[in-house]
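# Coordinates only, no sequence provided:
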């Protein structure tokens, strides 16, 4: 049994425990906080994992500051519904759910409800435009990946809903992503709900005012939700994706924080998203800072041969991911920096994780 302290990397520890079959114990979960123990979103994630696995055992002490988790088999399957609550966005649940679904017994079909855009977690537009294509390529999938946005929900009340379909694999192919390429175009989605439809157009104007100084091929769609599809709270924001000549995609997003004293205008939000995207491009690498951990994980789960990837400066979350991959799968990365481009080449011999739950045709 692996032992950990604190609440950091909570969802990653649960996912890696399930994929590796190694039970874990986490102690010292916010023992001195005003609300000690597991938070609402962490308990919700545990309930979601129970829905997509069979035979997992979860033991929590009375104060919620200690957790024991024994993983079960991933079954996936259709008809899974989950209310994510409003303390964290739907994006908090999508990435771990996607990793588990790849190694499920049958293809996953799930409906998640909650906050789809806004807050600290990636929005559903980022997951649909960048994460799913990345999974499609690195997992060797041809079809069966889909994310439909039935309704959008902004904080604090949420009210959004997405439907996710993910196939399963027998094993992952080797990863070789070292060509970052040059940015050739920018695409994006400006969304708004329960505000004037002009808010989305103003978001586009703000973002294009920055991007068009550097690139001519910039196109941002507008998606204004109304009625029941607009959720329970007003909100707006924009997600931008830079596509490179080598097929890589780098993303950034910004959402308005309505109701706060320092509220920004829609143009300011658009400019903030554009500035964040330019920052991601300047960092270099084949994946943006949101997706570094996912790429490293798929490298480590790959076959027992060399898997290599080129990334920009590693985020603290990516560094923690490297440590957990070593603890759970005994995979260590060789790191070789390139001073000229300020990027890092990371390579490893994969753990050769295979899907033991998948039905044999």
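In hand now; what should we look at? All of these numbers come straight from a predicted model, not from anything done at the bench.
# So residue 334 versus residue 34, what's the distance?
Distance of residue 334 to residue 34, computed by C-beta to C-beta, to the nearest Å: 43 Å. Heads up, the C-betas are built off the backbone N, CA and C, glycines and all.
# So if I had to pick from the two, which one is more boxed in?
Each of residue 334 and residue 34 has its neighbours counted (other C-beta atoms under 10 Å); residue 334 has more, 11 against 5.
# Run through the bridge partners of the more buried one.
Following DSSP bridges, residue 334 is listed with bridge partners residue 347.
# mind showing which ranges of this structure have poor pLDDT?
Across the chain, residues meeting the criterion (pLDDT under 70) sit at 259-263, 358-361.
# so which helix or strand takes in the residue sitting nearest the centre point of it?
Nearest residue to the geometric centre of the chain (C-alpha atoms, centre = their mean): residue 95, 4.2 Å. According to DSSP states H and E, residue 95 maps onto helix 91-102.
# Counting by contacts, list what that helix packs against.
helix 10-20, helix 40-52, strand 108-114, helix 124-126, strand 160-166, helix 292-301 (3 or more C-beta pairs under 8 Å, 6 or more residues apart in numbering; DSSP states H and E).
# Pull the residues that contact that helix.
11-12, 14-15, 18-19, 41, 44-45, 48-49, 52-53, 74, 76, 82, 84, 107-108, 110, 112, 121-124, 126-127, 131, 135, 139, 147, 164, 166-169, 172, 294, 297, 355 (C-beta atoms under 8 Å, 6 or more residues apart in numbering).
# Mind doing that once more with 7 Å?
11, 15, 18, 41, 45, 48, 52, 74, 76, 84, 108, 110, 112, 121-124, 127, 131, 135, 139, 164, 166, 168-169, 294, 297 (C-beta atoms under 7 Å, 6 or more residues apart in numbering).
# Let me know the distance separating residue 189 from residue 124.
10 Å.
# got TSV for the helices and strands packed on helix 91-102, with distance to residue 101 too?
Below are the helices and strands packed on helix 91-102 laid out as TSV (distance: least, C-beta to C-beta, whole Å):
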stretch	distance to residue 101
helix 10-20	11
helix 40-52	7
strand 108-114	4
helix 124-126	16
strand 160-166	4
helix 292-301	13
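# mind listing what's buried in stretch 128-144?
For stretch 128-144, the neighbour count (16 or more other C-beta atoms under 10 Å) marks 128, 129, 130, 131, 132, 134, 135, 138, 139, 141 as buried.
# isn't there a helix covering the fourth one?
Same thing as residue 131. Yes: Residue 131: assigned to a helix according to DSSP: H, G, I helix; E, B strand; the rest coil.
# Contacts only, for it.
Here residue 131 is in contact with 95, 291 (C-beta under 7 Å, 6+ apart).
# Residue 268: which of the buried residues of stretch 128-144 is nearest?
Set against residue 268, the nearest of the buried residues of stretch 128-144 by C-beta to C-beta is residue 129 (22.6 Å).
# Now that closest one. Nearest residue, chain neighbours left out?
residue 241 (5.1 Å; C-beta to C-beta, 6 or more residues apart in numbering).
# which residues touch that neighbour?
129, 130, 186, 187, 188, 249, 251.
# likewise residue 336?
residue 345.
# The stretch 101-250 of the chain: helices as residue ranges?
124-126, 132-138, 198-211 (DSSP state H, counting those that start in this stretch).
# circling back: identify the farthest-apart pair in the contacts of residue 241.
Pairwise over the contacts of residue 241, using C-beta to C-beta, the maximum falls at 130 and 186, 12.7 Å.
# what comes up buried for stretch 345-354?
Across stretch 345-354, burial judged by 16+ other C-beta under 10 Å covers 345, 346, 347, 348, 349, 350, 351, 353.
# Pull up the distance across it, start to finish.
With C-alpha to C-alpha, to the nearest Å as the measure, stretch 345-354 spans 25 Å from end to end.
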